[in-house]
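Colleague: For reference, the sequence and a predicted model appear below.
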Amino acid sequence: MENLVSEMTIDSNDIPTIIAIIAAIGVPIAWGARLEMQVKHLKQSDKPKNNDDPLTILRTRLAKGEITPDEFDKLRKKIS
């Protein structure tokens, strides 16, 4: 067992090689994760926002002139 441990020691000349191996593995993983996050963000920004809450619908209907301000107030009190 002692021979195995002594054979596994890291020489100071090995450190640049180890860093290069870690970078060769880690950099593509990091870029892949970044690319995936950007794609997800673009897909989410393409979707229309959900404005289905009742107060937003009432405000939209009021702005379009579909309901009067009095009707808006009555309906807003009902949903609040």
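Modeller: Great, that's in hand. Numbers count the residues shown, from 1 in each chain.
Colleague: okay, CA-based contacts and neighbour counts for the rest of this
Modeller: Fine.
Colleague: For the chain, which segments count as helices?
Modeller: Taking DSSP state H, the helices of the chain run over residues 2-7, 15-46, 54-64, 69-79.
Colleague: Going by mean pLDDT, which of those comes out lowest?
Modeller: Of all these, the minimum mean pLDDT falls on helix 2-7 (a mean of 60).
Colleague: number of nearby residues for the residue nearest to residue 55 when sequence neighbours are not counted?
Modeller: Nearest non-adjacent residue to residue 55, counting by Cα to Cα, 6 or more residues apart in numbering: residue 76, 6.8 Å away. For residue 76, the tally of surrounding residues (other Cα atoms under 10 Å) stands at 14.
Colleague: With residue 59 instead?
Modeller: For residue 59, the count of nearby residues is 15 (other Cα under 10 Å).
Colleague: what's near enough to touch it?
Modeller: residue 72 (Cα atoms under 8 Å, 6 or more residues apart in numbering).
Colleague: State the distance from it to residue 69.
Modeller: Distance, residue 59 to residue 69, using Cα to Cα, to the nearest Å: 10 Å.
Colleague: Show me the common contact partners of those two, please.
Modeller: Joint contacts of residue 59 and residue 69 (Cα under 8 Å, 6+ apart) do not exist.
Colleague: Need phi/psi at residue 67.
Modeller: Note on residue 67: backbone dihedrals following degrees, to the nearest 10 are phi -130, psi 160.
Colleague: Which pLDDT value goes with it?
Modeller: Per-residue pLDDT puts residue 67 at 95.
Colleague: Can you give me the neighbour number for residue 36?
Modeller: For residue 36, the neighbour count with other Cα under 10 Å is 12.
Colleague: That should have said residue 32, apologies.
Modeller: Residue crowding around residue 32 was assessed by other Cα under 10 Å; the count is 12.
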